[in-house]
Every structure is written in structure tokens, then in C-alpha cells.
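>>> only geometry, no sequence info:
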């Protein structure tokens, strides 16, 4: 597409800032509308598998991510005491590093800086209030009263996407899986040189993921009632109770957690938009279209791939509608495969009965999935 496009990105998270960077680097006019008042990120750390790092390289920020995080090559499987049972090398995509752990706030800063450097405008404290797609373009009013006309609007606005609700009402609301994620930042044990996955049967699994030379995050998934929330005065103790079967590095990490407010608790929900991910010139991407469980560490990677493939599709197609159709035809099979396999892994690891379709997916295993996901998207 030879013309310069005007694109509004609704949501300034990982996927939204990646899209803004990719499009602005191509000369398009891009504005990001982000509800948060500052370029910060919730949570602790995040894993960037090789396919995510490949996108970072395409955006020109791979070195910044590696400098802010902790690169690693092996997934270590351990028993509850931390004794190594297996070390599995992680595959690389087109020469990109195998994996990188990084604090979420650091990644947000890298992507925010990249979007601005590319020429995108990032506006904080605003959200979409009205939208009128008349065919040739989309007129949008934001919550600060400003109105502008755009060639394309893309919702990277998360699992609770207001834009998805605007397009589809309550047809695609988040569905709670019955499980929740407990995470907390801890000092990095010197022996933790990549993700350490310690298991105690199907009752508990704990992951230690290095995110800097000094820090790691401890994560664990447990079945929890939908209305459960950790006690604000003893959340760290509740996590320790759930991980009582572990000794070694996991127990050492838990012993450093004395502040209940340091615990980040999030229910694991899914969203699958079965309808088209675009209506006219308005599109949904990332978690707004296909939020998955964290069991393949691919949620953010799928959003990044969505962003880069959309930018490439806009390059190649003769019109915005043609680009959106081409983009979705490339992205839907891969993103929904990741979602389905990730949910099947959650059920397998927690002893939840699986369907025959899920059993077929599980035959590939996590190592097999990693090799599939470092192939072109």
C-alpha cells in the first residue's frame, strides 16, 4: 500500500506499542490512546521466547530488551527439592536468542521509547468514547473530547477490551478457567540460569524465571474459586502454604517474601472471538481477540506477532480491508492453536480431564510446540 495511513491504536500495552512502532517506522501516522496515566505495566516479569525476540529485532529493540533482561538457553525441570531432572535446550527463530526474561516495567519502557522514536504519538489517560465507521474511514472521539478521523482503528486493549464490547456486545466476555496465577519478584538464585520448573505431582508446579542478573520471579498456578482473593495481610503466607511441598530454590525464594503486597494474583481467563477479528476498518488483536492461559508463555508473543504481521499486511495489500483479511487469514490459525494447546497443558498439569481433541494437541508436548513456534508466522 503506497499511501500514508492514519492509524489509531486503542491500548498502549505490548502489542499496541509494537504496532505503533512498526507502522510509524514505515512512515504512517500513528496515535496510541492508552487509559493508564503513565507508561507503566502491571505484574512482575515476562518471558520473551525466541519468536517474540524475533519481533523485537524487527522493531529494532532486541539489544535493549537483552540489556534490560536476562537471556537464557535452557528450561530446567526439577523435583520439589530443586534437583535437576532434565535440561531442555530452547529453539531459536531465525538466529534470534532462545529466550529472555525481563521485568514488565522495563519492557514497557523499551517499547514506549521505541514508539516515540519511530514518530508515533502516545496519549495517556484517554480512551475511546464514540466510533463511527462510515466505510472510507473511522471517526473517533476520545474521552478528552478530541475527535479525529482514521483509516484504521486497532484494539490492542486487552482481555477486557472495551472495543470488543463495542463491536460484539457481551458475546465474547472473558471465561474464567478455574485457575489463578500467583507471582512475586524474588532474588535470583545463582543456579537459576533459565526457567526452573519444579513439580510436585499434579498438586503443584512452581516456576522461577530470571528477569535480570539480580532478580527472578516466582510463579505458581492453582485451582481457585472464582470469587477468591488473597488476604491482603497474609497473601505471602497463603502462597507459601500452597507451595509447602517444595524445598531448595523455591523455598529459598519464598523465604525472602515478607510483604503481602508484593504478591500479584490474577485469575486465568480466556477469550476466543469466533467472529471475524475485524469489522469494517476496526480490528481486534492480541488478548482482545484471543487471550490464552500462560502455559506456553506465548500470550505476549502472539500479540507481537499480530502487530508485525498487520504492519506487513498493510505494506502488501492494495487497501485496508484487503490487508485486514490477509492479516487475519495468517494469524487466526496460529493464535488459536496456541490458545487451545496452552489450555490443554493447563488441564494436563492440574489433572483436569481433557477431551480427545486436547489429547491430540498434547501429543506434541511443550518442546514440540516450541519448535513449531520458531517457524515463520
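That came in fine, so what should we check first? In this text the structure is predicted, and so the values were computed from the model without any measurement.
>>> Give the rounded mean pLDDT of stretch 249-262.
Averaging pLDDT along stretch 249-262 yields 97.
>>> how near is residue 170 to residue 183?
If you measure residue 170 against residue 183 using C-beta to C-beta, to the nearest Å, the figure is 29 Å. (Glycine included, C-beta is placed from N, CA and C.)
>>> Which neighbouring elements make contact with the helix or strand that contains residue 342?
For residue 342, the element it lies in under DSSP states H and E is helix 320-349. Judged by 3 or more C-beta pairs under 8 Å, 6 or more residues apart in numbering; DSSP states H and E, helix 320-349 is in contact with strand 175-187, strand 264-270, strand 278-279, helix 287-290, helix 299-316, helix 356-362, helix 365-373.
>>> Give me the distance from it to the chain's centre.
13 Å (C-alpha atoms, centre = their mean, to the nearest Å).
>>> Please spell out which residues along it are buried.
By 16 or more other C-beta atoms under 10 Å, the buried positions in helix 320-349 come out as 320, 323-324, 326-328, 330-332, 334-336, 338-349.
>>> Contacts only, for the residue nearest the centre of the chain.
Note on the chain: the residue nearest the mean C-alpha position is residue 300, at 2.2 Å, using C-alpha atoms, centre = their mean. Taking C-beta atoms under 8 Å, 6 or more residues apart in numbering as the criterion, residue 300 is in contact with 14, 15, 46, 48, 52.
>>> closest to residue 268 among those residues?
residue 46 (15.1 Å; C-beta to C-beta).
>>> you'd agree the closest one is up against residue 108?
No. Here residue 46 does not reach residue 108: they are 9.9 Å apart, not a contact under C-beta atoms under 8 Å.
>>> related to what we said a few turns ago, tell me the average confidence for the helix holding residue 342?
What helix 320-349 shows for mean pLDDT is 96.
>>> what about the residue lying closest to residue 180 once chain neighbours are set aside, distance to residue 238?
Leaving aside its sequence neighbours, residue 180 sits nearest to residue 224 (C-beta to C-beta, 6 or more residues apart in numbering; 4.2 Å). Here the criterion is C-beta to C-beta. By it, residue 224 lies 10 Å from residue 238.
>>> and what of residue 84?
With the distance defined as C-beta to C-beta, residue 84 ends up 29 Å from residue 238.
>>> who has more neighbours, these two?
Just comparing residue 84 and residue 238: by other C-beta atoms under 10 Å the higher neighbour count belongs to residue 238, 17 against 12.
>>> which intervals of this structure have sub-threshold pLDDT?
Applying pLDDT under 70 to the chain flags the ranges 2, 202-203.
>>> do that again at 90, thanks
Applying pLDDT under 90 to the chain flags residues 1-2, 38-43, 95, 200-205, 347-352, 364-368, 371, 375-377.
>>> all helices of it, in order?
Counting by DSSP state H, one finds helices in the chain at the ranges 14-25, 50-59, 62-68, 104-118, 162-168, 235-242, 248-255, 287-290, 299-316, 320-349, 356-362, 365-373.
>>> any chance of the contacts of residue 300 in CSV, plus neighbour count and distance to residue 244?
Shown next, in CSV, are those (neighbours: other C-beta atoms under 10 Å; distance: C-beta to C-beta, whole Å):
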residue, neighbour count, distance to residue 244
14, 26, 34
15, 32, 37
46, 25, 27
48, 29, 31
52, 30, 34
